[in-house]
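Participant: Quick one, structure for this:
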Amino acid sequence: MSSAVADALRSVVLFRGLSDEDRGRLVNVSFVKSYERGETLFAEGDPSDFLYTILAGRVKVVKMVPSGKEVILEIFGPGDPVGAVVAYEGRPYPATAVAQEPTKCLLVRRSPFFALLETHPSLVRGYLLGLTQRIVELTRRIPEVAGGKVETRFAHLFLKLAEKMGRPSAEGIVIPMPLSRQDLADLTGTTIETGIRIMSRWGKDALVRTDKDGFVVLDRAALEQLSLS
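Facilitator: Here you go, the predicted model:
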């Protein structure tokens, strides 16, 4: 049994509820893989042969639109599954996943995994427990994708980024992820012009400062207040 894979399975919410015996079964159909910055995990149209879960690093999921522009659909971090829904359904990936920094993922082979689910009820129960815990996590994110003011969505986005990857500094919380104004607009479902206006105003009001290598949240309390509006 690979201790690295077993440790990875224990660390992932989806598989944390498995018994040692069932985890051992899953080790045999899983492996850990590392990706360099800019490397593709899977491309749009690839068969969904694996269930991906991020162990370390960041992954962006992007989609090419007819104009040829790349649109960021989501950014995932440690503990997040990537492309799970289409993998469950057995459909090709509808978008491309790219590592934004050195990243490590747990890959579970889809077909053998589902074969194990069909023959081991205890594994199903343990996996359902993990899915339930994951659903609880996702319900906390509903405001991030819900309707409402664009500035509210921006506040939720920066609070999420601060929580996932923020590093405390003397000035505030450093988010080491450079995103263009277009990236921010894509992630919040608005136009680049609106994104430019919000970030310009936030910079002048000392809420969030844009730096070369990312952002600095200068006033988290103000963002939290905006997130409730």
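
Participant: Apart from its chain neighbours, what residue comes closest to Ser30?
Facilitator: Leaving out its chain neighbours, the residue that sits closest to Ser30 by CB to CB, 6 or more residues apart in numbering is Val108, at 4.6 Å. No exception for glycine: its C-beta is placed from N, CA and C like everyone else's.

Participant: tell me what the helix or strand where the one you found lies is packed against?
Facilitator: Counting by DSSP states H and E, the element that carries Val108 is strand 103-109. Using 3 or more CB pairs under 8 Å, 6 or more residues apart in numbering; DSSP states H and E as the contact criterion, the secondary-structure elements in contact with strand 103-109 are helix 3-11, strand 30-35, strand 50-56.

Participant: can I get those in JSON lines with mean neighbour count?
Facilitator: Supplementary listing: the helices and strands packed on strand 103-109 in JSON lines, determined by neighbours: other CB atoms under 10 Å:
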{"stretch": "helix 3-11", "mean neighbour count": "16"}
{"stretch": "strand 30-35", "mean neighbour count": "17"}
{"stretch": "strand 50-56", "mean neighbour count": "21"}
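
Participant: Bridged to the residue nearest to Ser30, which residues?
Facilitator: For Val108, the beta-bridge assignment (DSSP bridges) gives partners Ser30, Leu51.

Participant: do you know how far the residue most central in space within the chain is from Leu41?
Facilitator: Using CA atoms, centre = their mean, the residue of the chain that lies closest to the mean C-alpha position is Phe76, 1.5 Å off. Going from Phe76 to Leu41 by CB to CB, to the nearest Å gives 10 Å.

Participant: Now do the shared contacts for those two.
Facilitator: Counting by CB atoms under 8 Å, 6 or more residues apart in numbering, the contacts common to Phe76 and Leu41 are Val59, Val82.

Participant: Which positions in the helix or strand just after the strand holding Val108 come out as buried?
Facilitator: Past strand 103-109, further along toward the C-terminus, the next helix or strand under DSSP H and E is helix 110-119. Of the residues in helix 110-119, those with enough neighbours to count as buried (16 or more other CB atoms under 10 Å) are Arg110, Phe113, Leu116.
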